[in-house]
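Peer 1: My questions concern the predicted model and sequence given below.
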2 protein chains.
Amino acid sequence: MAKKSPLAPAGFPDIPAVPGVRIASASCGLRYKGRKDVFLAALVKGTQVAGVFTQSKTAAAPVHWCRKQAGRGRARALIVNAGNANAFTGLAGEKSLQRTVDKVASVLDVPKNQVFVASTGVIGETLPDGKIAKSLTGLKKSLSPDSWTDAASAIMTTDTFPKGAWRRVKIGETEVTIGGIAKGSGMIAPDMATMLSFVFTDAKIPAGVLQTITARAAERSFNSITVDSDTSTSDTVLVFATGTAKHAEISRPGDAKLRAFRAALEEVMTDLAHLIVRDGEGATKFVTINVTGAKSANAAKKVGLAIANSPLVKTAIAGEDANWGRIVMAVGKSGEEADRDRLSIGIGGIAVADKGMVVKGYKEAPVARHMKGDEIDIDIDLKIGTGAATVWTCDLTHGYISINADYRS
Amino acid sequence: MAKKSPLAPAGFPDIPAVPGVRIASASCGLRYKGRKDVFLAALVKGTQVAGVFTQSKTAAAPVHWCRKQAGRGRARALIVNAGNANAFTGLAGEKSLQRTVDKVASVLDVPKNQVFVASTGVIGETLPDGKIAKSLTGLKKSLSPDSWTDAASAIMTTDTFPKGAWRRVKIGETEVTIGGIAKGSGMIAPDMATMLSFVFTDAKIPAGVLQTITARAAERSFNSITVDSDTSTSDTVLVFATGTAKHAEISRPGDAKLRAFRAALEEVMTDLAHLIVRDGEGATKFVTINVTGAKSANAAKKVGLAIANSPLVKTAIAGEDANWGRIVMAVGKSGEEADRDRLSIGIGGIAVADKGMVVKGYKEAPVARHMKGDEIDIDIDLKIGTGAATVWTCDLTHGYISINADYRS
C-alpha cells in the first residue's frame, strides 16, 4: 500500500453500532494478499434504501443493477468487493453480478431484488465471483453489529487510509445513529475505478423521502468534490434506513422533525467526501473554494468546479503560488455568467483581486504564508447575483503523475 | 528559454511573401531581454479580415476590441506584443489598448477601427504601452514582405520553438498564397496566457465569406486541440485577405472555385494547431484521437475532447500504457450518447476492445510497441451513428507539473 496521505486524519472514528445493521468482512483473495477485500451488510426486514449513482454513460453492471433496485426502495443486503470492478466485461459481467446476487439472497434468505452489489478495482477483467460466493457462509457467521474499521478497510483499493464518519441526532425525542464508510482517492488509480460510499441509519424514513434528502445531501457533498475531473464508471452512494428507531412517522422530506437528521446526514456525507479529497492521488493541499454572488447556486457550483478542475490552478496551488490570474481564467472558462470587471477574489481570507484587477496595496507576504499551509481557502465573489456554493479539491502534484503514469516502470 | 520540445519539427518553414502584407518585428523590452517581442503587420487598403476568439467570459481587453472590429470586416494593421497580456488590468487595460491603437493608426496613417491588437504574457500587470509606441517608427521603417521567422519568434512566450505554416493554392487559374504563424504551448505557462494565430493571404475574399470559412476551419483545427483543458482569456485567431490576387469574384462560402482554398486554409490552421500541441507543456507524445459512429459530428468532438482532456488517459499515455479502461471511462463522462456494449477501441490501428470488453485473443505486445512511439493514435467507434471528428492532444507528464508548479522554487 502507498504511503498514507499527508492530509489523512489522525485515526478512524469510533463508529457505533447502527441498530438493524450487522456487518462482516473477509479476505476472499480477489486480487490482494493479506488483507480483507469483501464486505457484507445484512439489514433487517423493512430497511429502506436510497441511491445516487455515476452519471457515466458507460457505467458498470453493478451500477445498473443497484439503480434499478434502489428505485424499489427496499434492501436486505449489501455485498461489496475490492480488487475487480466488474466493468467492461460485457455479458460476462452481467452474469457474474447475477450469480453473486443469487448466492447472497440464498445464503441470507432474502429476496434477490433487495440485494445490493458494488465492485471496485481493475476494469476489463472478468470478476471471479466464485471466490466471493465461497466466502459468503463465513461472512454470514461473522456478522456483528460493529466492525466498521474492517469494513472500511475491506473496500479500499488505492486508498491510503480507511474512511468513516458518524453522527447521533434526534428525530423528535428519539435518538438515531448515522454511520457511514467510503472509499476513493481520485477517481481512479492504476486501473482502479470508483468512489463508493455506504451510509446506514436506524431512522424510520420511507424510501421516497430518503431518496430526496440523500440526493440533496449528495449534491452538496460527493457531487461537490473533485480530484482530477474524471468520472468513475462505478460511483455509488447508498443510504440504508433500517427503521428500528421508534420515532414519530415521517411522511415528507420537508418535515420539521427531520431538520436535524437532514443536516447530520449531509455532515456525514460531507465528512466522507472530504476524506476522499484528503486521499486524492498525490494531494498535499486540501482546497476549499467558496463561490458567492453567482446567478444561481448551480452557476456558483459550476464556477467552483471549473476552478477546482483547472490543471493550472491546481498546479499553482501545488507550487504554493497565489496565482489569481489562473483563477480568473478558470472563472472565464466555466461558461457561467461573470463580469471580469466586478469579480473579486480572496485567498486565505485576504482580498487579492477586485473589479478585475489586483487590489490596491496588495501585499503578497500574508497570502504566500497561507499558501504554504495544507488547507487552502479560495473565495470568489462574482457580484452579479445571490447564488452560492462550496466545492472541495486538492492540488495537482508530481505525486499524481507518479501514481498514474509511472506505475509500469 | 526552456529546452526545445522533443516533438518540435526539424525547422521553421520557408514561408513566402504574401502580396499586400508587409511585416516587421522588434525588441521593445516589455519583459524579455535579447529577443524580439513586438510584431507589426501593415496591410494594403481593402484587406478583409475574419476572427475567431476565446469563449472565455473573462476575456482580455484586446479580445473585446478585435471581436468588435472584426465584425466590420476591414483591416489595415496588426500589432502584437509578447510579455504582457494586458489582461485583468481593469480600466487601465482599456486605456492602454486605446493608446496603442491610436499610435499605430497615426504612424501608419490608417483608420483606428482597422487596427488589430493582440497581447500575450503576464496577467494582471499594467501594459507599459509606451514601450510599444516608441518602437513603432522603427517597425514602420523595417516593414518588408518576408521575415516570418522573426515574426513567429517575436510573439512567443513560453513556446520552445517558433510556429509557421503555408500553402499555395489556386482560385480558378490564379495562384494565391496562405501563410500563417502561431504561438501557444498549453494554454498558459507561469502566468502566460494565450494561443494566438495570424494567417495572411492575397486571395480576394469578402469579409463575410472569409468569416464563414475561417470559423469552420478553426472549429476543425484550433478548436479541436487541447493541452490541459484550460481556456485562455486572450485566444485569438485572425485571418487577413489582402485581395491583391486577380482571380474571379467570390460571393459565397460554398463557391466551387473556393474548394481548394478552403482545404488549404484548414491545412495551414491545422498545421499551426498541431505545432501548438507539439509544444504542449511537458509533452512527450503527440496524440490523435479519431471518433466515429457518434450521433453527430458535434457529439464525436465532445467524446474526443473528453478523452483528450482526461488526466487519467493523458497520464496513461505518458506511462506508455494502453489503458483502454480509462478511455471507456472518458467516453462515459463526456455526457454524449454511448453504449458500453457496442463501443470499440483501437490503439495504433490495432483492435483493443469491442462490444464493451477486451477483444478475443488480445495481444498487448504490438500495442505496447505503439505506445512507446511519440505519435499515438486512438480510434473510437461508438457504433450508434455516423458523426465523426478528430482531436489532437499531448500526454500529461512530470514536465507539465514542473513547468506549472515548480517555477517558484
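Peer 2: Structure received.

Peer 1: Can you report how many residues lie near residue A:363?
Peer 2: 9 (other C-beta atoms under 10 Å in any protein chain shown). Every C-beta, even on glycine, is put in place using the N, C-alpha and C of the backbone.

Peer 1: any idea how far chain B is from residue A:105?
Peer 2: Per C-beta to the nearest C-beta, to the nearest Å, residue A:105 is found 25 Å from chain B.

Peer 1: what does residue A:121 give?
Peer 2: Residue A:121 is 11 Å from chain B, by C-beta to the nearest C-beta.

Peer 1: what's the helix or strand hosting that residue packed up against?
Peer 2: Using DSSP states H and E, residue A:121 sits in strand A:115-122. The helices and strands touching strand A:115-122, judged by 3 or more C-beta pairs under 8 Å, 6 or more residues apart in numbering or on different chains; DSSP states H and E, are helix A:61-70, strand A:77-84, helix A:90-108, strand A:196-201, strand A:236-241.

Peer 1: Contacts (any at all) between chain B and the helix or strand just after it?
Peer 2: Where DSSP H and E defines the elements, the next helix or strand beyond strand A:115-122 is helix A:129-141. No. Helix A:129-141 does not reach chain B (C-beta under 8 Å from any C-beta of the partner chain); its nearest approach is 15.9 Å.

Peer 1: still on that earlier bit, what strands line up against the strand holding residue A:121, and which way round?
Peer 2: Strands that pair with strand A:115-122, judged by DSSP bridges, come out as strand A:77-84 (parallel).

Peer 1: I would like the residues contacting the strand it pairs with, please.
Peer 2: Residues external to strand A:77-84 that are found in contact with it (C-beta atoms under 8 Å, 6 or more residues apart in numbering or on different chains): A:28, A:30-32, A:37-43, A:100, A:104-105, A:108, A:110, A:114-122, A:125, A:127-128, A:132, A:154-157, A:183, A:196, A:198, A:238, A:240.

Peer 1: what pLDDT, on average, does it get?
Peer 2: In this model, strand A:77-84 has a mean pLDDT of 96.

Peer 1: can you give me the angle it makes with helix A:90-108?
Peer 2: For strand A:77-84 against helix A:90-108, the angle between stretch directions is 140 degrees (axes from the mean of the first three to the mean of the last three C-alpha atoms, to 10 degrees).

Peer 1: Would you mark the buried spots in strand A:77-84?
Peer 2: A:77, A:78, A:79, A:80, A:81, A:82, A:83, A:84 (16 or more other C-beta atoms under 10 Å in any protein chain shown).

Peer 1: What is the burial count for the residue nearest to residue A:334 when sequence neighbours are not counted?
Peer 2: Setting aside the residues directly before and after it, residue A:334 is nearest to residue A:306 in space (C-beta to C-beta, 6 or more residues apart in numbering or on different chains), at 3.5 Å. If you count neighbours by other C-beta under 10 Å, residue A:306 ends up with 26.

Peer 1: Repeat that for residue A:269.
Peer 2: Around residue A:269 there are 27 residues (other C-beta under 10 Å).

Peer 1: Need the three-state assignment for it.
Peer 2: helix (DSSP: H, G, I helix; E, B strand; the rest coil).

Peer 1: quick one: contacts for residue A:4?
Peer 2: By C-beta under 8 Å, 6+ apart, the contact list for residue A:4 reads A:160, A:161.

Peer 1: Quick check: pLDDT value at it.
Peer 2: For residue A:4, the model assigns a pLDDT of 93.

Peer 1: And it, how far from residue A:34?
Peer 2: Per C-beta to C-beta, to the nearest Å, residue A:4 is found 17 Å from residue A:34.

Peer 1: tell me the angle of the strand holding residue A:121 relative to helix A:129-141?
Peer 2: In terms of direction (the same axes, to 10 degrees), strand A:115-122 departs from helix A:129-141 by 130 degrees.

Peer 1: I'd like the mean pLDDT over strand A:115-122, please.
Peer 2: 93.

Peer 1: Could you check that strand and say which residues are buried?
Peer 2: Here strand A:115-122 shows A:115, A:116, A:117, A:118, A:119, A:120, A:121, A:122 as buried, counting by 16+ other C-beta under 10 Å.

Peer 1: TSV for these, including distance to residue B:53?
Peer 2: Listed next are the buried residues of strand A:115-122 as TSV, based on distance: C-beta to C-beta, whole Å:
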residue	distance to residue B:53
A:115	55
A:116	50
A:117	50
A:118	46
A:119	46
A:120	44
A:121	45
A:122	44
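
Peer 1: Just give me the closest of those to chain B.
Peer 2: residue A:122 (7.7 Å; C-beta to the nearest C-beta).

Peer 1: Isn't that closest one up against residue A:60?
Peer 2: No. Assessed by C-beta atoms under 8 Å, residue A:122 is found out of contact with residue A:60, at 11.6 Å.

Peer 1: any common contacting residues for those two?
Peer 2: Common contacts of residue A:122 and residue A:60 (C-beta under 8 Å, 6+ apart): residue A:85.

Peer 1: Low-confidence bits of the stretch 101-250 of chain A, can you list those?
Peer 2: Judged by pLDDT under 70, the stretch 101-250 of chain A has its weakly predicted residues at A:186-193, A:229-231.

Peer 1: go again using 80 as the cut-off
Peer 2: A:185-194, A:227-233 (pLDDT under 80).

Peer 1: What of the stretch 251-400 of chain A?
Peer 2: For the stretch 251-400 of chain A, the stretches flagged by pLDDT under 80 are A:356.

Peer 1: where do the strands sit along it?
Peer 2: In the stretch 251-400 of chain A, the strands defined using DSSP state E, counting those that start in this stretch lie at A:286-294, A:344-347, A:350-354, A:357-358, A:375-381, A:387-394.

Peer 1: how about the CA coordinates for the fifth one, as PDB?
Peer 2: What follows is strand A:375-381, C-alpha atoms only, in PDB (Å, rounded to 0.1, in the frame of the first residue of the first chain):
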ATOM      1  CA  GLU A 375      -5.600  23.900   4.000                       C
ATOM      2  CA  ILE A 376      -6.100  26.500   1.200                       C
ATOM      3  CA  ASP A 377      -9.200  28.700   1.100                       C
ATOM      4  CA  ILE A 378     -10.300  30.500  -2.100                       C
ATOM      5  CA  ASP A 379     -13.200  32.900  -2.100                       C
ATOM      6  CA  ILE A 380     -14.800  34.100  -5.300                       C
ATOM      7  CA  ASP A 381     -17.500  36.800  -5.300                       C
END
